[in-house]
Every structure is written in C-alpha cells, then in structure tokens.
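Q: quick one: sequence and predicted model below, then my questions.
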Protein chains: 2
Amino acid sequence: MQPTTEPLNTRTPIRTTFNPALEDIRMSPIVSISEEARARAKEFEKSGRPFVFFQRGEIDFPTPSFVVEAAKRGLDMGLTKYPKSGGEDFFKEAVAKRLRLDHEAGGIEPAHVVATYGGQEGLELSFKLFKSGAGFSPTWSCALENFVPFAQLDFVEVPLNRDFSVDFDRVESAVRGREFFYLNNPQNPTGKVFSEDELARIVDICTRHGVFVISDEAYEKIVYDGGRHHSLVRVPQDNVITVFTLSKTFAMTGWRLGYVVTRNPKVAKLMRLGNYTQTAGVTTFLQYAAAEAMSNVDGSRRAIATMVAEFQRRRDALFDGLKDLPGVAIDRPAGAFYMFPDFSEFIPRELSGPERNHYVYELLMEHGIASVYGSCFGRHFGDNVRLSFSATPVPVIHDAVERFRRVFR
Amino acid sequence: MQPTTEPLNTRTPIRTTFNPALEDIRMSPIVSISEEARARAKEFEKSGRPFVFFQRGEIDFPTPSFVVEAAKRGLDMGLTKYPKSGGEDFFKEAVAKRLRLDHEAGGIEPAHVVATYGGQEGLELSFKLFKSGAGFSPTWSCALENFVPFAQLDFVEVPLNRDFSVDFDRVESAVRGREFFYLNNPQNPTGKVFSEDELARIVDICTRHGVFVISDEAYEKIVYDGGRHHSLVRVPQDNVITVFTLSKTFAMTGWRLGYVVTRNPKVAKLMRLGNYTQTAGVTTFLQYAAAEAMSNVDGSRRAIATMVAEFQRRRDALFDGLKDLPGVAIDRPAGAFYMFPDFSEFIPRELSGPERNHYVYELLMEHGIASVYGSCFGRHFGDNVRLSFSATPVPVIHDAVERFRRVFR
C-alpha cells in the first residue's frame, strides 16, 4: 500500500507546523520537575531518608468505596451506551440537588449543569468561549500554559498583593474592555480562600463592565479551621460560569469527572455542543458513579471530613515548621493543599532571570525536596515556591521541615 | 453576594455571541430525528406493530463481560490516579501489539499511539491541526456539523460516484493546495469498504501533494462476507493519521475509548498536548479495561465474530428485502451497519429543496420507520436515506421490509 507512481524527491514536502492553538501549548515544567524528582529520589534515598515529593498535585487517598461500588453497579446495569451530550438527566439532577443543599443555592436546575471530563474540560471550554480575558497571578499553571494558548486568548495577569489580598483597582482596569475574569477559589498555588466580600466586589466589577466570571472551584471542599468556601453558583446572574470537579473532593483525579454550572442558557448550550464535539459526552456509567457521590450526602461528607482533617494536620505540620524561618515569608493557607512561601528576603539580591527563579527550587532539590518554582504560576511571584502536601504523610513533612531548618537559618 | 453599587440600567450588557468555533457547530438533525421518532413511536405502536428505529447508530449488544470485569479490576487495583496524558504505557503497548498482529503493521510502536476519548476526540484533534481539508461526500455527519466548524476549517466535499466508487481526478483537484484528506473506512453512511487499490491511490495522491490523510477506521472490524478491511496504519509515512475507537468493535459506545496512531512524532506530540488540554487524559482504569480488550485476542475475536455474524444476518434480511423494489437503487454494504439506498427514481421530479430532501424520510416515518435523510451526510446525496441495522433484530427488519414493499411497489 505504498505509493509508487513518483519517486520521493518529486513529492511536495508535508507541513511541519500546525494550528498555533496546538503549537502554542507549553508542556508544563511540573512534568519535567516530576521527572527530575524521580531521578533524584533514587540517588537521594540511598542516604536512608525519604525523598519529599512536594511538587505533586496528586492525592494519596483512595476513592471512597461507595463511589467505586457505584461505578461497578453502573457497569452491571449496562450503562455502557452512548451518553447524552452535556450529561445524563440523573447526573444533572443529582448535581443540582447537591448544589442547592451545600451552597444554599436556590434556583439551580439540571438545565444549568453540563457534565465534562474533569474541571479541565469545563475550564478549557469556558476559556474557548472568549477572545480576551484576565485573571489573578499567581494562578494555576495549566490556565496559562494550556487554556490560554488553546483558545488563542489575549490574557492579562492581575497580580495579587504580596499578602495575597486583592487590589480591586487593578482588577477593574484589567477587565475593562475584556470578556472574562478567571478566578480559582480556593486558590492554587496560594491556598487562599476568597472572602464573601472579595467575591462580591469582583463580581460587581465584572458585572458593571459586562464581563463574565469564570469561577474555578476545584478545591471547594478543602477548607480548613471550619472556614467556609463561598461558591459563585449562588449568584443569580447570567455572567457567571462556575466549574467543579470530583477530582479533589472525592480523591477521583484519574476518573476525569467534573461539571460546569451556569444560569446562562446560551453558554450552557455551547458547552454541551463543545463537550459533544470534543468527546461525544462523559462515560455513561461514570456519570452514574458521580451521581452516587453527589446523592450520598452522609457518606460523602464523612469521606471528605476524614480527608480534610488529614490535610489540615499536614498543613499545620508544614506551616508550624516553616513560619519562623528567617528569610521566608509565609501565609497560612486556608484551603486547597498548597503553601506558597516567598523567599525574596533569602535569595541573593544580585540574582535575576531563570537563575533567580530556580534558586530555592535547586537548593531544596539538593536536600531531597521537590517543589515547583513560582514562575510556573505567572509573571509576578518568581521568588515564591509551591509546596503541595496532598500526598505527603505528617512524619515525612516533619523530616522535610528539619531539612528546611538546616537550609534557612 | 449580589452586586449592589450601581443600578442595573447602568451596567454594560454582557455579550450574547461567542467564539464562532462554538457558535458555528450545528446540532445534528439526527438528534431531532430521534426525538421525533420517540414521539411517533408511542402513537404508532398502538397499531400493535413495532416502530423501527433505523436512524440509530447505537448497538444492541452488551460490552463483552471480560472487558467489564477488567474495568472492575482496574478500580480495585486503585488505578484512579491522574492518567498520563496521551495514554498509559500499558495501554499504548497493548494497542501497538494488537495493531501489529491484526494488520501485519510492522514498525508500530507505543510512541505512535495516543489515547483519546473515543474516535471522536481523536478526529476532533486531528481536524484541529489544520486550516483546510477535503473528504468524500457522503460522509459521517459529525465531521461536517462538528469537527469542521470547531476547527474553523475550510473544507470541501468530494462526491463519490453514484455507485460509491471513487473519482480520483476529483480527489486530486480537491487536495491540491489543501492540508488533509478525510476518509472514513468502512464508511458511514454507505457501508462501503475501500479496496486496497483505492486506498493506495488516495494515499499516493495525497503524498504527491504533501497532504495528510486522516483515516477514520471506527468500523474496522465490522466487515461482511469474509472481506477484509485494509488499515492505513500499515503505511510507513508521516503524513498518515489513523483514528480508531473501541465503540463499535467491542460494543463500548458509552465508554468513550479510542486512540490515534501516527508515525509522525510532531503530530503525536500535539495530540498528547491537545488531549491533556481538553481533558487531562483518559480515565486511568478504563485504559486498563481497553488494554485488556486489546490483549485478549481470542476473547475479543469471539465477541467480534458473534456480533458481526448477527449484523450480517440483519444486512442480508434488509438488503434482500429491498434490492428489487422499483425506484430504489441499493448497494450491498460490505461493512459498517448502514445501508444508503438512492430513491431518486422514486421521488417526484418536481420536488426540490427540503421538501425533496425529506420526502422519503417522511413517507417512511408515516409507516413507522425512522431513517436519516441523505442531506445530513453532505451536499451530494440528498435523494438517499440512511438505514442503520445496528440495533434492530431480524424479525423487526422483516416487518420493516413488508412496509417498504407497500410503499415502493
């Protein structure tokens, strides 16, 4: 089946560059960091001490068994036929019911819900609606490396203040003439949980300027000290798009189950069409398992509480260990499972560029600790480093803290 | 959390139109046809005769139990963590091995394989690589309604001859200056299986013009009378992208499992990035089940043979019933599970436009038979109608044939 009519050298060469929407995607440095960490770990662990994988966003909890069993039931029920694009009715009903319960979000109906492959597809499709946007910096690296180039967006970063508080004037100048504002709450990489007042002011600014809010609430249930996450699903406006995932809430990162909620019928319709075009819909029997995760209120609350209590013990061990280190400014994260300390007092003043950006990262790596340098999360926090405690037990955190104390003293 | 600082009437109105890539997607008429069919069925079945759902692409076989059990094992093994984007190694190895076995496709390596959500995501991402393309008409409706607008492609249809043979001169003029040629083999909606010679000539034309071939082989295993499907995975060239799915082969339409194969490393890399950006990868434990479907050669061959034998009985019942009807020109499908008869001799000459396009469809609907009018599959076969026998048992086909005989006599 090989063409034979003309010799190779008369052929038109095939193209080697393609659509910039794909060409412009940047492979996350977190992937290469993880590869380096695995290689370094082998060497380091010969010392008898554990290598600390603080770069990971993975969770070391298993998926709750009642969700696993529901997936098996879905299979046995023969829910293996084409899904309805945008979500099965039973899935959308279970989500709407749970949102009304958890967020006192009156008026949320199944028609406002669109099933997606994780928060990922929900966000990717949300970004794709628009041509220009803005969002806080630092922010989830994937938004900058993947969603922005894939949608060929003109995107501007609005820096948070050094203490991660919001400069509303900067938000207002950024959104003027743009189409959406992206918000990650609780926030990756800072662990910040936006207050009800901050959220109201951001929504207000966007609404006055005719701008959409894309609210990424992947870490909605991971909030510490009895604090509360305020969801934008409660805002009864058609310029709000809220994106959720079961990945973190139910330790289901590999299941790829999420959903978008919006009261804007046009946006919901385009999401359904986008989801159909990209994937022909979310795996039918997995939607059944997801509906079970939503509907089993007691079971899911117990599973979440157990997981969050453990994350809080880890946060406390890490924060208490690092808070008084000289040259390290650190904020106690109120949610998610990240800490984003600022090392600007520690890093030699004369360093700049990549050398500066990687300085603390390299130092920690030498001590058997993998982290993610701040420049992965936008343009404004290159002196910070992200430490994730999603998959590191407390004794290993204590060991890591000892090493930090030797480096920063 | 509602904004209160300014009254509603001073707000900038929010936009109501969005990215044309989403706005231009057309909702498939097959969805509304199915809705109409369900409504009509209720009424029709009062007559005591079954309504015939010949519009469906769904399969009435269950997924083979060895694949279902593998999915459950994957869950029990805790394969619920983030997938590797583009596919787990065990998945890509199983696919490469099976391709080498089934297609005598030497040189296929795991690095050539990218896991996707069904053939759908594989094709959607393949189309997205380019800005212009061409493909046969009639063709799978989703390519025209979804992939072309979503990639904002300039796409031209190359009509097959009335007997579904290929006009190679038309192929050559169409691809000149374009970037890819899309081929669906075995073909939806005609049931045509391209011959080895036809394929070689198409690949040759494309290669001479520096054009990619996107080969959609969703129905690869559904071939009748002991015939053979020739896969383009065998072509050792970097201008070929082959897209597969487990949907039809293993009655797994709702699982959403597929894969792309290409020897072009740049294309494979962009596919992995695209898959990661859209969905963060294919559900980990479902890749395990898919790998089992590939690796269990005997089990899968038995399951496929049973299914194809039944499809062939249905094809024979339908073809033998319709082949001699006056005013109906019909080709015996060699693969897939569609028949695409031509009613141009039957439809009144004076009819044109939508009235002509829907004439046979309406007539059949009145007799309790749902079909899909030919204009769904491109610009050139509006006098044809697609009949799918993927989910209709032989006795119901016999009943349908009786009705056809009353209409076309």
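A: Yep, it's here.

Q: wait, residue A:144 touches residue A:380, no?
A: No - using C-beta atoms under 8 Å, residue A:144 is not in contact with residue A:380, being 11.7 Å away. Quick note: C-beta positions are derived from backbone N, CA and C, even for glycine.

Q: mind listing what's buried in the lengthiest helix in chain A?
A: Assignment by DSSP state H gives helix A:297-322 as the longest helix of chain A. By 16 or more other C-beta atoms under 10 Å in any protein chain shown, the buried positions in helix A:297-322 come out as A:300, A:303-304, A:307-308, A:310-312, A:314-319, A:321-322.

Q: filter those residues down to the ones close to chain B.
A: For chain B, no contacts are drawn from the buried residues of helix A:297-322 by C-beta under 8 Å from any C-beta of the partner chain.

Q: joint contacts of residue A:144 and residue A:380?
A: Counting by C-beta atoms under 8 Å, 6 or more residues apart in numbering or on different chains, the contacts common to residue A:144 and residue A:380 are residue A:157.

Q: and whatever residue of the stretch 301-409 of chain A ends up closest to chain B, how many neighbours does it have?
A: Proximity of the stretch 301-409 of chain A to chain B (C-beta to the nearest C-beta) peaks at residue A:391, 9.5 Å away. For residue A:391, the neighbour count with other C-beta atoms under 10 Å in any protein chain shown is 18.

Q: report the contact partners of it.
A: Residue A:391 makes contact with A:53, A:56, A:58, A:59, A:60 under the criterion C-beta under 8 Å, 6+ apart.

Q: hang on, the fourth one in a helix?
A: In other words, residue A:59. No - counting by DSSP: H, G, I helix; E, B strand; the rest coil, one finds residue A:59 to be coil, located in no helix.

Q: residues near it, how many?
A: Residue A:59 sits with 23 neighbouring residues when counted by other C-beta under 10 Å.

Q: so it makes contact with residue A:255?
A: No - applying C-beta under 8 Å as the test, residue A:59 and residue A:255 come out as separate, 11.9 Å apart.

Q: distance of the closest residue in space to residue A:330 that isn't next to it in sequence relative to residue A:157?
A: Nearest non-adjacent residue to residue A:330, counting by C-beta to C-beta, 6 or more residues apart in numbering or on different chains: residue A:341, 4.1 Å away. Remark: distance between residue A:341 and residue A:157 (C-beta to C-beta, to the nearest Å) = 20 Å.

Q: again, but for residue A:105
A: 30 Å.

Q: neighbour count for residue A:341 and residue A:157, which is higher?
A: Ranked by neighbour count (other C-beta under 10 Å), residue A:341 and residue A:157 place residue A:341 first, with 25 against 20.

Q: so the more buried one touches residue A:381, yeah?
A: No - using C-beta under 8 Å, residue A:341 is not in contact with residue A:381; the gap is 10.4 Å.

Q: and the gap between the nearest residue to residue A:295 once chain neighbours are set aside and residue A:101?
A: Nearest residue to residue A:295, sequence neighbours excluded (C-beta to C-beta, 6+ apart): residue A:94, at 4.9 Å. Note on residue A:94: its distance to residue A:101, by C-beta to C-beta, is 11 Å.

Q: cool, and residue A:59?
A: 24 Å.

Q: what does residue A:198 give?
A: 24 Å.

Q: which one of those two has more residues nearby?
A: Neighbour totals were compared for residue A:198 and residue A:101, and residue A:198 leads with 18 against 11 (other C-beta under 10 Å).

Q: near the closest residue to the more buried one other than its chain neighbours, how many other residues are there?
A: In space, and not counting its chain neighbours, residue A:198 is closest to residue A:166: 5.4 Å by C-beta to C-beta, 6+ apart. By other C-beta under 10 Å, 20 other residues sit near residue A:166.

Q: summarise which helices and strands the host helix or strand of residue A:75 is packed against.
A: Secondary structure from DSSP states H and E places residue A:75 in helix A:65-76. Helices and strands touching helix A:65-76, by 3 or more C-beta pairs under 8 Å, 6 or more residues apart in numbering or on different chains; DSSP states H and E, are helix A:284-295, helix B:65-76.

Q: most tightly surrounded among the ones you listed?
A: helix A:284-295 (a mean of 25; mean count of other C-beta atoms under 10 Å in any protein chain shown).

Q: show me the contacts for residue A:140.
A: Residue A:140 makes contact with A:184, A:188, A:189, A:216, A:377, according to C-beta under 8 Å, 6+ apart.

Q: chain B versus that one, what's the distance?
A: 12 Å (C-beta to the nearest C-beta, to the nearest Å).

Q: phi, psi of the residue nearest to residue A:330?
A: For residue A:341, the backbone dihedrals (degrees, to the nearest 10) come out as phi -70, psi 150.

Q: so what's it up against?
A: Applying C-beta under 8 Å, 6+ apart to residue A:341 gives the contacts A:322, A:328, A:329, A:330, A:331, A:384, A:385, A:387.

Q: hang on, the earlier thing: assign a three-state SS to the residue nearest to residue A:295, would you?
A: helix.

Q: need the per-residue pLDDT for it.
A: What the model reports for residue A:94 is a pLDDT of 98.

Q: hmm, it is touching residue A:294, no?
A: Yes - look at residue A:94 against residue A:294 with C-beta under 8 Å: they come within range, at 4.1 Å.

Q: filter the contacts of residue A:391 to the buried ones?
A: For the contacts of residue A:391, a burial check counting by 16+ other C-beta under 10 Å picks out A:53, A:56, A:58, A:59.

Q: least confident pick among the residues you listed?
A: For those, the model is least confident at residue A:56; its pLDDT is 86.

Q: my read is that that one contacts residue A:386, right?
A: No - Residue A:56 is beyond contact range of residue A:386, at 10.5 Å (criterion: C-beta under 8 Å).

Q: the nearest residue to residue A:380 once chain neighbours are set aside: neighbour count?
A: Counting by C-beta to C-beta, 6+ apart, residue A:159 is the residue found nearest to residue A:380 once chain neighbours are left out, at 4.0 Å. Neighbour count for residue A:159, taken as other C-beta under 10 Å: 16.

Q: chain B versus residue A:42, what's the distance?
A: 19 Å.

Q: you'd agree that residue is in a helix?
A: Yes - under three-state DSSP, residue A:42 sits within a helix.

Q: pLDDT score assigned to it?
A: Confidence for residue A:42, expressed as pLDDT, is 93.

Q: contacts only, for it.
A: Per C-beta under 8 Å, 6+ apart, neighbours of residue A:42: none.

Q: quickly note the distance from it to residue A:50.
A: Residue A:42 sits at a distance of 12 Å from residue A:50 (criterion: C-beta to C-beta).

Q: quick one, phi/psi of residue A:134?
A: The phi/psi pair for residue A:134 (degrees, to the nearest 10) reads phi -150, psi 160.

Q: without its sequence neighbours, what residue ends up closest to it?
A: Excluding its sequence neighbours, the residue lying closest to residue A:134 (C-beta to C-beta, 6+ apart) is residue A:174, at 4.0 Å.

Q: which residues does the following helix or strand past the longest helix of chain A contact?
A: Downstream of helix A:297-322, the first helix or strand assigned by DSSP H and E is strand A:338-339. Contacts with strand A:338-339, where a contact means C-beta under 8 Å, 6+ apart, come from A:188-191, A:315, A:318-319, A:322, A:330-331, A:333, A:386-389.

Q: confidence-wise, which of the residues you listed comes last?
A: residue A:331 (92).

Q: now the residue lying closest to it once chain neighbours are set aside, what's its secondary structure?
A: Distances taken as C-beta to C-beta, 6+ apart place residue A:164 nearest to residue A:331, at 5.9 Å, with adjacent residues excluded. Assigned by three-state DSSP, the conformation of residue A:164 is coil.

Q: surely residue A:164 meets residue A:189?
A: No - assessed by C-beta under 8 Å, residue A:164 is found out of contact with residue A:189, at 10.3 Å.

Q: identify, from the buried residues of helix A:297-322, the entry nearest to residue B:124.
A: Closest approach to residue B:124 among those (C-beta to C-beta): residue A:300, at 33.1 Å.

Q: please name the nearest non-neighbouring residue to the closest one.
A: Sequence neighbours aside, residue A:293 is the residue nearest to residue A:300 in space, at 5.8 Å (criterion: C-beta to C-beta, 6+ apart).
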